[in-house]
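Chemist: following is a predicted model, sequence given first.
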Number of protein chains: 2
Amino acid sequence: MRTEIASLGEFGLIRRLTDDIHLQNPSSLYGVGDDAAVLSYPDHKVLITTDLLMEGVHFDLMYVPLKHLGYKAAMVNFSDIYAMNGMPRQIAVSLAVSRRFSVEDIEAFYSGLRLACEKHQVDIVGGDTTSSLTGFTISITCVGEAAEKQIVYRNGARDTNLICVSGDLGAAYMGLQLLEREKAVFKGEEEAQPDFSGKEYLLERQLKPEARRDIIQRLAEAGIHPTSMIDISDGLSSELLHICTQSHVGCRVYEEHIPIDYQTAVMAEEFNMNLTTCAMNGGEDYELLFTVPIADHEKVSQMEGIRLIGHITQEQMGCALITRDGQEFTLKAQGWNPLQEQSVE
Amino acid sequence: MRTEIASLGEFGLIRRLTDDIHLQNPSSLYGVGDDAAVLSYPDHKVLITTDLLMEGVHFDLMYVPLKHLGYKAAMVNFSDIYAMNGMPRQIAVSLAVSRRFSVEDIEAFYSGLRLACEKHQVDIVGGDTTSSLTGFTISITCVGEAAEKQIVYRNGARDTNLICVSGDLGAAYMGLQLLEREKAVFKGEEEAQPDFSGKEYLLERQLKPEARRDIIQRLAEAGIHPTSMIDISDGLSSELLHICTQSHVGCRVYEEHIPIDYQTAVMAEEFNMNLTTCAMNGGEDYELLFTVPIADHEKVSQMEGIRLIGHITQEQMGCALITRDGQEFTLKAQGWNPLQEQSVE
């Protein structure tokens, strides 16, 4: 079934997408349907973050289902709020779509968005829906809340702090490589049959990332207050450099401690890629990278799913990765940089 | 001078654009440079609105200078906050640009954005900067504040309320027609020389709209609390219907009372267009449309730059325009609807 968007018009489409949205948060006073949404934060501070995703740059609809895209678009914003040690509460969603897309397509996108919102108890409170000449454009703004003293910035890391990371790294990047290979096969550019068995985790990490609300909650339960925190979207190297630059410190991270899943390792070998490079620079992991005082060593070591990967140093020591054989490599932000990658106009 | 964006990279570009941004509002606790901005609203409610502007759909860079585009992109968001009877305080700005654009281009856009922000005392607190395969995409989210009882929604209009509008209507639409004609001349499709003399007001209304902070302040000073309010972006007809639908009321507006500037009238004649249609459906006026109790008749009639154009009725009376010769025409939302207009993929 394909309903043309033009048959509903802008307001008809908005009604269809938002009619049965029920606000879940007491802070969501008034949502979709006026010039602006109204939020209420009597005691807490308001956090705000925004992301712009362009078809062909940030996602490829040849292998990303629209429902997954909606889910991921929401998750990457929640992840930014968790990275401040806050809780996401509301999102405003703006979409621009070309004629290629039907009402059902946009509904599929919204179903993913809403699934993510339900999981994280976030309300959709507004947005903008318009047309584009080519492709699909998504802009999401997320509002979160946190008590002032609870907020964790990027600039609080101090010498001797421990560097911690949640989950494992590099799998989302490997999932992307896998999907790109499938696309090449589909286009007849490669001969191999795509075979995803045994690689489900990689695909899931790429297509359906989970923002780490659980880590934020467990850190609070364990009484651990990170000195700095950031989410890993561009790659571990790039995020470590953000923390170190803004905190005016250096760091040492150890290759042997970087958490990597078995499937990621197998896949890197299959693609003949350097596994550590994938984990350091792959990006899109949406794990949390944070630093804690050395006094929290025991507490943090006991937390499941958290790995200590190194420590903060004085600024003049620079930022380096120590390999398994003891060599030191200066960290460089080779993370995903869309402004340097683009090649088409 | 043309600096390639790739030579700075994403973070370099952000630094260049935001390095000398000074936060003006006490509610702007922390701006650009972390996963999210931090805002503080201890007593007031938070308003949030967002807009997505696509090159080729919402603006044409053939005749819109980037500085003006930045100014207008900010103003249309401020206008949404004023339409809630609130004050805009912060914006987050996301841009996607293709290779066609240089660092200087983006700086020109930002200079317009910052001029608008300075005028309205709004802080730039964050955003996202990325690439697009084609063209320029702008997403702005604006945060505002208002005391709870001060907020004006679209749904509060009641039978016998007076309908008021600020400024004059149709000029921005005429400015657009003028620019489109110039473009056709430039392309050799028409013979007439573009002549803007005596039409400066129309161009200014199209290229440099002013959000009506002054009206909000003067209404407060006069002790007038509108029962409903909306800003005119899609055209008077469309906005009146939003108020009437959401308030479950009807309305009568009088053609003879609709405020129209002399230049707009001259231009409509030159283009052989129906002047009332231009004023009712042109859009992009960014004036405020609001309703007040009939008891405020005297107060509101004395306000400079406010025109009474009709009154609210019971719902079953429907929404109609009364022409100069006494005929009744049912209002239709013929406003600018990008989702029905698009024709290119």
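Modeler: Nice, thanks for sending it over.
Chemist: quick one: the helices in the stretch 1-150 of chain A?
Modeler: Applying DSSP state H, counting those that start in this stretch to the stretch 1-150 of chain A gives helices spanning A:9-18, A:66-82, A:103-119.
Chemist: residue B:228: which of the ones you listed is closest?
Modeler: The closest of the helices of the stretch 1-150 of chain A to residue B:228 is helix A:9-18. By Cβ to Cβ, the value is 17.3 Å. Using the backbone N, CA and C atoms, a C-beta is placed for each residue, glycine as well.
Chemist: now that closest one - C-alpha only, CSV.
Modeler: These are the backbone C-alpha positions of helix A:9-18, laid out as CSV (Å, rounded to 0.1, in the frame of the first residue of the first chain):
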residue,chain,number,x,y,z
GLY,A,9,-0.7,17.5,3.0
GLU,A,10,1.6,18.7,5.8
PHE,A,11,-1.0,19.0,8.5
GLY,A,12,-2.7,15.8,7.5
LEU,A,13,0.6,14.0,7.7
ILE,A,14,1.5,15.5,11.1
ARG,A,15,-2.0,14.5,12.4
ARG,A,16,-1.5,10.9,11.1
LEU,A,17,1.9,10.6,12.7
THR,A,18,1.1,12.2,16.0
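Chemist: how far off centre is it?
Modeler: 28 Å (Cα atoms, centre = their mean, to the nearest Å).
Chemist: thinking again about what came up before, among the helices of the stretch 1-150 of chain A, which comes closest to residue A:240?
Modeler: Residue A:240 sits nearest to helix A:66-82 of all these, at 16.8 Å, using Cβ to Cβ.
Chemist: packing partners of that closest one?
Modeler: Helices and strands touching helix A:66-82, by 3 or more Cβ pairs under 8 Å, 6 or more residues apart in numbering or on different chains; DSSP states H and E, are strand A:45-54, strand A:87-97, helix A:103-119, strand A:137-146, helix A:213-221, strand A:228-231.
Chemist: if you set the cut-off to 6 Å instead, what comes out?
Modeler: Judged by 3 or more Cβ pairs under 6 Å, 6 or more residues apart in numbering or on different chains; DSSP states H and E, helix A:66-82 is in contact with strand A:45-54, helix A:103-119, strand A:137-146.
Chemist: gap between stretch A:284-304 and the chain center?
Modeler: Distance, centroid of stretch A:284-304 to centroid of chain: 18 Å (Cα atoms, centre = their mean).
Chemist: so for it, what gets flagged as buried?
Modeler: A:284-292, A:296, A:300, A:303 (16 or more other Cβ atoms under 10 Å in any protein chain shown).
Chemist: redo those as JSON lines? Include secondary structure.
Modeler: Shown next, in JSON lines, are the buried residues of stretch A:284-304 (DSSP: H, G, I helix; E, B strand; the rest coil):
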{"residue": "A:284", "secondary structure": "coil"}
{"residue": "A:285", "secondary structure": "coil"}
{"residue": "A:286", "secondary structure": "coil"}
{"residue": "A:287", "secondary structure": "coil"}
{"residue": "A:288", "secondary structure": "strand"}
{"residue": "A:289", "secondary structure": "strand"}
{"residue": "A:290", "secondary structure": "strand"}
{"residue": "A:291", "secondary structure": "strand"}
{"residue": "A:292", "secondary structure": "strand"}
{"residue": "A:296", "secondary structure": "helix"}
{"residue": "A:300", "secondary structure": "helix"}
{"residue": "A:303", "secondary structure": "coil"}
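Chemist: coming back round to it: tell me the most buried of the helices of the stretch 1-150 of chain A?
Modeler: Counting by mean count of other Cβ atoms under 10 Å in any protein chain shown, helix A:66-82 has the highest mean neighbour count of the helices of the stretch 1-150 of chain A, with a mean of 25.
Chemist: how far off centre is it?
Modeler: In terms of Cα atoms, centre = their mean, the centre of helix A:66-82 is set 7 Å apart from its chain centre.
Chemist: need the contact partners of it.
Modeler: With Cβ atoms under 6 Å, 6 or more residues apart in numbering or on different chains as the test, helix A:66-82 has contacts from A:47, A:49, A:51, A:53, A:59, A:88, A:105, A:108-109, A:111-113, A:115-116, A:120, A:138, A:140, A:142, A:144, A:207-209, A:211-213, A:216, A:231, A:286, B:35-36.
Chemist: between strand A:137-146 and it, find me the angle.
Modeler: For helix A:66-82 against strand A:137-146, the angle by axes from the mean of the first three to the mean of the last three Cα atoms, to 10 degrees is 40 degrees.
Chemist: tilt between helix A:66-82 and strand A:45-54?
Modeler: Going by the same axes, to 10 degrees, helix A:66-82 makes 140 degrees with strand A:45-54.
Chemist: against chain B, how distant is the residue of chain A most remote from its centre?
Modeler: Most distant from the centre of chain A: residue A:7, at 34.8 Å, with distances by Cα atoms, centre = their mean. For residue A:7, the distance to chain B equals 9 Å [Cβ to the nearest Cβ, to the nearest Å].
Chemist: please name the nearest non-neighbouring residue to that residue.
Modeler: Spatial nearest neighbour of residue A:7, chain neighbours left out: residue A:103 (7.8 Å); criterion: Cβ to Cβ, 6 or more residues apart in numbering or on different chains.
Chemist: so the one you found versus residue A:196, what's the distance?
Modeler: The gap separating residue A:103 from residue A:196 is 30 Å, by Cβ to Cβ, to the nearest Å.
Chemist: can you check residue A:321 too?
Modeler: Distance from residue A:321 to residue A:196, counting by Cβ to Cβ: 31 Å.
Chemist: and for residue A:69?
Modeler: From residue A:69 over to residue A:196 the distance is 19 Å, taken as Cβ to Cβ.
Chemist: repeat that for residue A:112.
Modeler: Relative to residue A:196, and taking Cβ to Cβ, residue A:112 is found at 20 Å.
Chemist: do residue A:309 as well
Modeler: For residue A:309, the distance to residue A:196 - Cβ to Cβ - is 30 Å.
Chemist: quick one, what contacts residue A:253?
Modeler: A:309-310, A:321.
Chemist: quick one: it is in a strand?
Modeler: Yes - counting by three-state DSSP, residue A:253 is part of a strand.
Chemist: neighbours of the nearest residue to it once chain neighbours are set aside, just the number please.
Modeler: Leaving aside its sequence neighbours, residue A:253 sits nearest to residue A:310 (Cβ to Cβ, 6+ apart; 3.5 Å). The number of residues packed near residue A:310 is 23, by other Cβ atoms under 10 Å in any protein chain shown.
Chemist: pull the CA atoms of the helix or strand that contains residue A:310 into CSV?
Modeler: Residue A:310 belongs to strand A:306-313 when assigned by DSSP states H and E. Extracted C-alpha coordinates of strand A:306-313, given in CSV (Å, rounded to 0.1, in the frame of the first residue of the first chain):
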residue,chain,number,x,y,z
ILE,A,306,32.6,-1.6,32.2
ARG,A,307,36.3,-1.9,31.2
LEU,A,308,39.2,0.1,32.5
ILE,A,309,41.3,1.0,29.4
GLY,A,310,43.9,3.4,30.8
HIS,A,311,44.5,6.5,32.8
ILE,A,312,44.7,10.3,32.6
THR,A,313,48.1,12.0,32.7
